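In: below is the sequence, then the predicted model.
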Amino acid sequence: MTGKPISHEEVFQYNNGHFLVDKEYQFARRYIRFNIDELCNLVSSVVAKGTSTVSKVAKMEKVEGGFHKALLMTLENGTEVVAKIPCPNAGLPMLSTASEAAVLEFGEQYHHYSERELI
């Protein structure tokens, strides 16, 4: 499912819910600013590693859960990469990533879902 185009500022913001108490505080805790251009360059270089061609990021879709942001990045050559931007209020990034990876592995192994279906 593809949504409407959003601005860079909207990528940094939390847009996936509402809060009954301390709304501004809760949104501020989930606001994560990062260098989008640098992330795109990093993804392109990692995908190109070991090859002679570099494919640029052609499309980026933001997916949010309760804490982390995930960016589904599609390169010009069709390769899809998921970049996860951890939110500080979700706990240690290493542990939350390990938990998410375990859920993906469980879904693939026992329920025959693809990673794309689980995202």
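Out: Sure, I can see it.

In: tally of neighbours for residue 69?
Out: Neighbourhood size, residue 69 [other CB atoms under 10 Å]: 22. For glycine as for every other residue, the C-beta is placed from the backbone atoms N, C-alpha and C.

In: ok, it - contacts?
Out: Residue 69 makes contact with 11, 32, 62, 63, 84, 85, 87, according to CB atoms under 8 Å, 6 or more residues apart in numbering.

In: could I have the buried ones of these as ChimeraX selection syntax?
Out: A single ChimeraX command selects the buried members of the contacts of residue 69 (16 or more other CB atoms under 10 Å):
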select :11,62,84,85,87
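
In: quick one: the strands in this protein?
Out: 57-64, 69-75, 80-85 (DSSP state E).

In: residue contacts, the residue nearest the centre of the chain?
Out: The chain has residue 70 as the residue nearest its centroid, 1.4 Å off, counting by CA atoms, centre = their mean. Residues counted as contacts of residue 70 (CB under 8 Å, 6+ apart) are 62, 63, 64, 82, 83, 84, 85, 119.

In: show me where the protein has helices.
Out: Remark: helices assigned in the chain by DSSP state H are 8-12, 23-29, 36-48, 93-111, 115-118.

In: how much space separates the nearest residue to residue 30 once chain neighbours are set aside from residue 87?
Out: Beyond its immediate neighbours in the sequence, the residue positioned closest to residue 30 (CB to CB, 6 or more residues apart in numbering) is residue 14, lying 3.5 Å away. Distance from residue 14 to residue 87, counting by CB to CB, to the nearest Å: 8 Å.

In: please consider this matter closed, and thank you.
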